[in-house]
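Colleague: Kindly return the folded structure for what I paste below:
(one chain, ligands or ions: 1)
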Amino acid sequence: MTAPTPSRRPRTRSAGTVLVATSGLLLAVVAESCSVGLVGLSGWFIASSAVAGATAYSTFSYLAPSGGVRALALGRIASHYAARVVLHSAALRRISTTRLGYYDRAATDSSGHWSGQSLDRVMADADTQGMALIQATAPVVQAVALAVGGCLTVALAGYPSTATVVAVAAALCAAIAISTAHHVNDPGSSRSALRTELAAAVDAWPETASLGVADHLAQRTQELLDAYEEQRLRAAAATARALGACRVLTAMALVLTVLLADTQGADVTTLVFLVLLVTGVLANAERLVPAVRSRVLANGAATRLTSAGSTADSSGTPACRATYDSRALTVTGYRVPRSSIRRRRRIDVTVPVGSTLFVTGASGSGKTTFLDALASALRDPGGSATWATVTNVPADNHLFTGSVADNIRLADARASDEDIEELLTAMELDRSGLTGNTKVGVGGRGLSGGEQRRLAIARALAARPDILLIDEPTTGLDNGTANRVLAAVRRRLPHVVLVLAVHEVPAAAEASGRAWSTAGLDR
Ligand SMILES: Nc1ncnc2c1ncn2[C@@H]1O[C@H](COP(=O)(O)OP(=O)(O)OP(=O)(O)O)[C@@H](O)[C@H]1O
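Modeller: Below you'll find the model as predicted:
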C-alpha cells in the first residue's frame, strides 16, 4: 500500500457554467438598473405631470416619459425573471458538478478517508458554495454596477457634488458590510456540533442517570444550547447594527443630495428624480451586508472542500503491501511500532485461499489498525488485488434503519427471501426469532449487541467476498455461539481468505482441522 496522496479537488466550474453565470449576473444588473431607473423616472414623471397639470398652458409631452416608464417596467419584469432563471441554473449546475465530483472521488478513493458524515458535510458545503453566486456575487456586482451607473448619471445630469456624495456613501456602506465579516460564524458547523452533543447526551442518558450525574449532564447540555443561542444573537445583532448604520448613511446622503441640488437651483422634478435615484443606488449598497455574510460562509465551505477526503482528514493508517492471486493473499512490510503492550515488529505473512489468519493481541495492540491497513492496501487501485472482492467488517456495527432484509440486501440486492432466511439460520439469528421483516432501528437499535454483530457478518457473507476481514467477530457472543458462527462463515465461503482480529485464537479453531495461522501483536 502506498501512503494516500491528496487527490485533486474535483472540477467545479466548466466554461459553460461560467458563461451561464456571467449572463445571469449581467441580467441581474439589467434588472436592478431597470428597477432603479423606473423608480427615478416614474418619480420624475409623476412630479412633472403634477407641475404640468398645475400650469395653465403647459407644453409638457407625456408620451416619451410614459413610454420610458412602461419600457423600464417591462424590462424590469423580464430581466428580473430571466436573471432568476439563469442564475439559479448556473448555481445548480455548479452544485451538481461539485457534488458529483466528490461522489465520484469518494467512490473511487481507497484511502478510507470518507464517511457518511464527511460526505454530508461536502454536500452541504457544495450547496453553500454554489448558492454564493446568487447570495454573494450577484448583490456585489449589482451594487457596484448601480453605484457606478448612478454616480455617472447624476454627474452627467450636472450634479457632480451629489455624485461624489453617493459614491462616498456607497463606499462607506461597503466598508461597514466588510467590517461585519469577523462576526460571521458558520451556523451549519456549530449546529451540527450541537446536534452531535445532544444525540450523545440522549444516548448516554441511562448511563448518566445510573451514575447519578444526569442533572450535571442536563446542565452542560443547556449551557451548550445557551452558548449557541448567544452566538446566533450576537451575529444577528452585528448584522442589524450594520444595516442600521447603512440606513443612517443613506438618510444623510439624501439630505445632502437635496441641499446640494437645491444650492445648484434644481427644480422640484429633478430633485425628486435625484432623491429616488440615490435611494435606489444606496438600497443596493445595503445589500452588501448579507452578501458579505454569504461570501464568508462560501469561503469557509470552499476551504473545507479543498481538504475534503485528502490526507488532512487522514486517520494516519500505516502502510503495507498486499498482493492477492487465486492461490493466496500475501502481506509484506507492515510495521508495528513498539509500545508498552506490544513489541516492535514487522508482519510478512501469506494466507492461502480457504485458510484463516487470526490477528491476535491485547486491547490496544494494533489489530484494528492492521485490518484497516490491509483493506486499504487491497483496494489500492495500483495494487494486484483490484479484481478481488474485499469486505471489511469493522467492530462497530453499521446497521441501517429498515428491516433485517434491507440491511442484507445492501450487500446483495438480488438476495431472495430464502437466501436471507438461510443466512439468518447460518448465523443462528432465527433462534432469537429474527426474520427478514424484523425492524432495525437507527444504528441497529432494537437488536442485541450479539444480534447486531451476527447481522453485520451475515451481510458480509451476502457479498460473497474473496477476502473477508472481520474485527472482533465474536463480540457479544457466548463461546458456543461464537464457535458455531465462525464455522458457519467458513462453511458458506470455503475458499475465502479470512482475516479475523481476536484477542485469542478460539479453541474451536484448533479442533476444526482447517488451515489457520496467527499474526500475534502482543509483547
Ligand atoms: N502499525 C501501527 N503504526 C502506528 N500506530 C499503530 C499501529 N498499530 C496500532 N497503532 C496505534 O495503536 C493504538 C491501538 O490500535 P488499535 O485500535 O488498532 O488496537 P486494537 O488491538 O484493535 O485495540 P482494541 O482491541 O481495544 O480494539 C492506536 O492508537 C493506533 O493508532
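
Colleague: what about the helices in the stretch 151-300 of the chain?
Modeller: Assigned by DSSP state H, counting those that start in this stretch, the helices in the stretch 151-300 of the chain fall at 160-179, 187-203, 205-211, 214-263, 268-286, 288-307.

Colleague: Could you check how far the helix or strand in which Arg94 is found is from the centre of its chain?
Modeller: Element membership of Arg94 [criterion: DSSP states H and E] is helix 63-108. Averaged C-alpha coordinates place helix 63-108 at 23 Å from its chain's average position (C-alpha atoms, centre = their mean, to the nearest Å).

Colleague: let's have the chain start at 32 instead
Modeller: Done: numbering now begins at 32, and the last item shifts to helix 94-139.

Colleague: between the helix or strand just after it and helix 94-139, how big is the angle?
Modeller: For helix 94-139, the following helix or strand on the C-terminal side (DSSP H and E) is helix 147-163. Interaxial angle of helix 147-163 relative to helix 94-139 (axes from the mean of the first three to the mean of the last three C-alpha atoms, to 10 degrees): 160 degrees.

Colleague: Mind giving me the packing neighbours of helix 147-163?
Modeller: Secondary-structure packing of helix 147-163 (3 or more C-beta pairs under 8 Å, 6 or more residues apart in numbering; DSSP states H and E): helix 94-139, helix 218-234, helix 319-338. Using the backbone N, CA and C atoms, a C-beta is placed for each residue, glycine as well.

Colleague: which of those helices sits most buried?
Modeller: Mean neighbours per residue, mean count of other C-beta atoms under 10 Å, is largest over the helices and strands packed on helix 147-163 for helix 319-338, with a mean of 20.

Colleague: distance between the helix or strand following that helix and the chain's centre?
Modeller: The element immediately downstream of helix 319-338 (helix or strand, assigned by DSSP H and E) is strand 352-355. Put simply, strand 352-355 sits 34 Å off its chain's centre (C-alpha atoms, centre = their mean).

Colleague: just stretch 276-283 next, same as before
Modeller: Relative to the chain's own centre, stretch 276-283 is displaced by 38 Å; criterion: C-alpha atoms, centre = their mean.

Colleague: Next: stretch 401-414.
Modeller: Worked out by C-alpha atoms, centre = their mean, stretch 401-414 lies 26 Å from the chain centre.

Colleague: coming back round to it: a markdown table for the helices of the stretch 182-331 of the chain, including distance to Pro349 and mean pLDDT?
Modeller: Shown next, in a markdown table, are these (distance: least, C-beta to C-beta, whole Å; pLDDT from 0 to 100):
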| stretch | distance to Pro349 | mean pLDDT |
| --- | --- | --- |
| helix 191-210 | 46 | 95 |
| helix 218-234 | 28 | 75 |
| helix 236-242 | 33 | 81 |
| helix 245-294 | 36 | 91 |
| helix 299-317 | 55 | 94 |
| helix 319-338 | 21 | 90 |
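
Colleague: out of these, nearest to Ala59?
Modeller: helix 299-317 (10.7 Å; C-beta to C-beta).

Colleague: any idea how far the nearest residue to Asp298 once chain neighbours are set aside lies from Asp257?
Modeller: Nearest non-adjacent residue to Asp298, counting by C-beta to C-beta, 6 or more residues apart in numbering: Val82, 8.0 Å away. Val82 is 60 Å from Asp257, where distance means C-beta to C-beta, to the nearest Å.

Colleague: From Arg335, how far off is the nearest residue to Ser192 once chain neighbours are set aside?
Modeller: Nearest residue to Ser192 in three dimensions, chain neighbours excluded: Leu291, at 5.0 Å (C-beta to C-beta, 6+ apart). According to C-beta to C-beta, Leu291 stands 49 Å off from Arg335.

Colleague: so where's this protein uncertain?
Modeller: Flagging of the chain using pLDDT under 70 yields the residue ranges 32-45, 139-144, 148, 218-220, 340-348, 412-413, 541-544, 554.

Colleague: Around the ligand, pick out the residues from it.
Modeller: 349, 366-368, 392, 394-400 (C-beta under 6 Å from any ligand atom).

Colleague: which ones among the residues you listed are found in strands?
Modeller: 366-367 (DSSP state E).

Colleague: Buried subset of the residues of the chain next to the ligand as a ChimeraX selection?
Modeller: Listed next is the ChimeraX selection for buried residues among the residues of the chain next to the ligand, using 16 or more other C-beta atoms under 10 Å:
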select :349,367,392,396,397,398,400
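
Colleague: Please report how far the residue nearest the centre of the chain lies from the ligand.
Modeller: By C-alpha atoms, centre = their mean, the chain has its centre lying nearest to Arg152, at 2.3 Å. Arg152 is 23 Å from the ligand, where distance means C-beta to the nearest ligand atom, to the nearest Å.
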